[in-house]
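Peer 1: Here is a sequence with its predicted model. Questions after.
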Amino acid sequence: MTMSFHLGYITGPSIGGFLVDTVGWRWIFFMNLPVAVAAASMAWKVLPESVTEKRDYSLDPVGMITLLMTAVSLIVGLQQIAKSGFGLFSAGAFAASGIFFLLLVYFERKDPAPLLDLSLFKVRLLTAAVLSHFFVSLSHTSTFFLLPFYLQGILRFTPTQVGLTIIFFSLMIVSLAPVGGWLADRLGSRMLCTVGSVLTTLSMLGFSRLGAESGQVAVMVPLMLLGLGWSLFQSPNLSGMFNAVEPRYVGAVSGLSLTSANIANAMGVAVGSVLFLRWFNYHGLTGAAVPPYTEWAQAPEIFIRSFQSSWLVVAGLSSVAILTSAMRGADARKKME
């Protein structure tokens, strides 16, 4: 699954960059319509039913609403900081996020068929794996939010060149993901996820060293290091999560993993924009960091410092995954053996 996912990542950036250069950015979204229809049709016809036992699959509207509002309020608060700094509005958004989170916990504990089964967090390995996944995903998304601005604004890459550069990240994953799965079956998830998180943090530090004179090779090295870290992290982390619970909870664990990753992805963009724009303003300039990059030409050194400072903070966030991975304990299957 990881390989097929990143095969799409290989073709997606290059096709997207080509479309932006030729027919405009809107076609990136138009082209996804027939692809989505074809994928949905194939899934309906090909994928087998995987339910192993009868369970209550009724919807949990309260859980969905409170989870959504928790995430939205948090992201709105972060975006407001990026726009105008910390103030009453952003403080209110964070307070609302906290209130919705408490409501989520309260109602989910009482619901017989909760959207998020909070009892799963009693499993130490699962909790550590979800947190690790969250911080690694947040680091990835922040990086891929910042990197295109650097490539286009500082190195003057075209959108097609940006897409072709990002391909190297996915090439590493497609090549090495099977190795990560093979090692996970023999070594367990703790060692591999810890090493993968370390490599992710090192790649963030590598990005923080990029400057105005850095070439494509200097960008490719941390990109490939990031891909290597993800190859060692993703499959072992999922394997450890699934092995930590009984088979009947595998679907719930899969949903929990996707939920944490999606929230992290949304927050990654918000965190990336907050970090960059705040550092940008701190170093003396104001304005939007968007094309045509008018202020980049005026003071590129300030943009470089903003990028470097942002990636250092992201490196600190990704280092949390090192701790949670190292503290997760041995895999459940290993304990049984």
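Peer 2: Thanks, I have the structure now. Note that the structure is predicted; figures quoted are calculated from it, not measured. Numbers count the residues shown, from 1 in each chain.
Peer 1: Got the confidence number for the closest residue to residue 130 other than its chain neighbours?
Peer 2: Distances taken as CB to CB, 6 or more residues apart in numbering place residue 260 nearest to residue 130, at 5.1 Å, with adjacent residues excluded. All C-beta spots, glycine's among them, are computed from the backbone N, C-alpha and C. On the pLDDT scale, residue 260 is placed at 84.
Peer 1: Can you tell me the element residue 260 falls in?
Peer 2: For residue 260, the element it lies in under DSSP states H and E is helix 250-282.
Peer 1: Kindly provide the distance from residue 150 to residue 251.
Peer 2: Distance, residue 150 to residue 251, using CB to CB, to the nearest Å: 40 Å.
Peer 1: Next: residue 95.
Peer 2: 34 Å.
Peer 1: Could you do residue 245 as well?
Peer 2: Look at residue 245 and residue 251: by CB to CB, they are 10 Å apart.
Peer 1: between those two, who's got more neighbours?
Peer 2: residue 245 (18 against 14; other CB atoms under 10 Å).
Peer 1: contacting residues for the more buried one?
Peer 2: Neighbour list for residue 245: 120, 123, 126, 252, 253, 332 [criterion: CB atoms under 8 Å, 6 or more residues apart in numbering].
Peer 1: Which two among those are spaced furthest apart?
Peer 2: 252 and 332 (15.8 Å; CB to CB).
Peer 1: Output the below-cut-off pLDDT ranges for this structure.
Peer 2: Within the chain, the stretches with pLDDT under 70 are 1-14, 16-17, 21, 49-58, 82, 280-299, 331-337.
Peer 1: Just give the closest residue to the spatially most central residue of it, not the sequence neighbours.
Peer 2: Most central in the chain under CA atoms, centre = their mean is residue 137, positioned 2.6 Å from the mean C-alpha point. Leaving aside its sequence neighbours, residue 137 sits nearest to residue 264 (CB to CB, 6+ apart; 3.8 Å).
Peer 1: and the closest residue to residue 195 other than its chain neighbours, how far is that from residue 300?
Peer 2: Leaving aside its sequence neighbours, residue 195 sits nearest to residue 232 (CB to CB, 6+ apart; 5.5 Å). Counting by CB to CB, the gap from residue 232 to residue 300 is 35 Å.
Peer 1: These two - which one has more neighbours?
Peer 2: residue 232 (26 against 15).
Peer 1: So the more buried one, which state does it fall into?
Peer 2: helix (DSSP: H, G, I helix; E, B strand; the rest coil).
Peer 1: That one contacts residue 180, doesn't it?
Peer 2: Yes: between residue 232 and residue 180 there is a contact at 5.0 Å, judged by CB atoms under 8 Å.
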